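**Student:** Fold the following, please.
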Amino acid sequence: MIREQFKGFLDFVRTQGVVGLAVGLILGGAVTALVGSIVKNLVNPIIGLLLGKARDLATYQLDILGATITYGQFLLDLINFVVIALIVYFGVKKIGFDRLDKPKQ
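**Tutor:** Down below sits the predicted model:
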């Protein structure tokens, strides 16, 4: 009985692409960390220099009528998202993974 359940589990993993999903999650975490480091250590200082203030972009804020709008961290998060989305899109297209995810006929 245990052997049949284990075989059923292995069939599930093979047919549902669970291993591919796990690999994708692991690589996604690694890419996210790498892109975060690039943005924090390279892009952030360059944008700071272009704006004439060599400081952390995350600290940029705007004070309006007593309210503080911290837009710097949002800009960093937006840059991270765009870079990761581009890497994933072009990576999937270039490697051809989009063809692997077609339903079986």
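
**Student:** Can you list the buried residues in the longest helix seen in the chain?
**Tutor:** Determined from DSSP state H, the single longest helix within the chain is helix 72-95. For helix 72-95, burial by neighbour count (16 or more other C-beta atoms under 10 Å) applies to 72, 75-76, 79-80, 83-84. Where C-beta positions appear, they are placed from N, C-alpha and C, glycine not excepted.

**Student:** show me the contacts for residue 78.
**Tutor:** Counting by C-beta atoms under 8 Å, 6 or more residues apart in numbering, residue 78 touches no other residue.

**Student:** Apply 10 Å and report the result again.
**Tutor:** Residue 78 is in contact with 39, 71, counting by C-beta atoms under 10 Å, 6 or more residues apart in numbering.

**Student:** Next one: it from residue 93, what distance?
**Tutor:** To residue 93, residue 78 is 22 Å away according to C-beta to C-beta, to the nearest Å.

**Student:** so residue 38 makes contact with residue 45?
**Tutor:** No. Using C-beta atoms under 10 Å, residue 38 is not in contact with residue 45; the gap is 11.3 Å.

**Student:** returning to what we had before: what is the nearest of the buried residues of helix 72-95 to residue 61?
**Tutor:** residue 72 (6.6 Å; C-beta to C-beta).

**Student:** For the longest helix of the chain, what is the distance to the chain centroid?
**Tutor:** Offset of helix 72-95 from its chain centre (C-alpha atoms, centre = their mean, to the nearest Å): 6 Å.

**Student:** quick one: average pLDDT of it?
**Tutor:** For helix 72-95, the mean per-residue pLDDT is 80.
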